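In: starting from these lines, generate the structure:
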Amino acid sequence: MLRKLSVSVGLVLMASMVAADTPGRHPRYLHARTDLRIAQNLLRVDEEPNVKRELRVVAEDIERAIREIDRAAVLDAKDLEDHPHHDADLDRPGRFRKAMALLDAARADIGREEDNPRAIGWRNAAYRHIDYAKEHLRRAARNLRMDRELGF
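Out: Got it, this is the predicted structure:
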């Protein structure tokens with residue numbers, strides 16, 4: 001009887017250890033977070049003041065979206081340590097296009113059905129911040145295009 005008890009206690013302990021190491025069901029939070037961090041890094045370029053001002057707002061909105069995703073991801077026991085690298089060889093318009101594609105991908109990743117009701121508010125807040133970032137990135141691109149047309 002004692003042997004059976006110790007075996008079943010051992011199995012319960014092993015099962016709980018495995019469950020603790022298993023990430024949550026939503027890997028899309030990590031994908032979205034990585035995409036946002038790469039987009040943020042791509043936009044760290046020296047620009048004219050009018051473009052730089054918009055890019056600063058984009059970076060702030062991306063950071064806010066990442067914080068909201070982090071809050072939702074914590075509920076799914078995600079490991080939030082990521083250090084993405086990016087392609088530094090892109091030209092400025094290429095960086096803007098790549099950053100916009102990453103923002104779109106991040107939004108799509110978190111846009112799937114959420115089965116954790118506590119995470120829905122954070123996900124929706126992340127949506128808003130991503131949308132704000134996209135709008136300011138569009139403004140930065142327009143400003144950059146105007147600057148180039150005017151010879152700056």
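In: mind listing what N50 touches?
Out: N143, D147 (Cβ atoms under 8 Å, 6 or more residues apart in numbering). No exception for glycine: its C-beta is placed from N, CA and C like everyone else's.
In: and it, what helix or strand is that in?
Out: In the assignment (DSSP states H and E), N50 maps to helix 49-75.
In: list the buried residues of that helix.
Out: 51, 54-55, 57-59, 61-62, 64-66, 68-69, 71-73 (16 or more other Cβ atoms under 10 Å).
In: what about it, average pLDDT?
Out: Here helix 49-75 scores 89 as its mean pLDDT.
In: cool, stretch 95-103 as well?
Out: Stretch 95-103 comes out at a mean pLDDT of 93.
In: out of the buried residues of helix 49-75, who's nearest R148?
Out: Using Cβ to Cβ, V51 is the member of these that lies nearest R148, at 10.3 Å.
In: got the contact list for the closest one?
Out: Contacts of V51 by Cβ under 8 Å, 6+ apart are A140, N143, L144, D147.
In: got CSV for those, with pLDDT too?
Out: CSV is the format used below for the contacts of V51 (pLDDT from 0 to 100):
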residue, pLDDT
A140, 93
N143, 91
L144, 88
D147, 84
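In: out of these, which is most surrounded?
Out: A140 (25 neighbours; other Cβ atoms under 10 Å).
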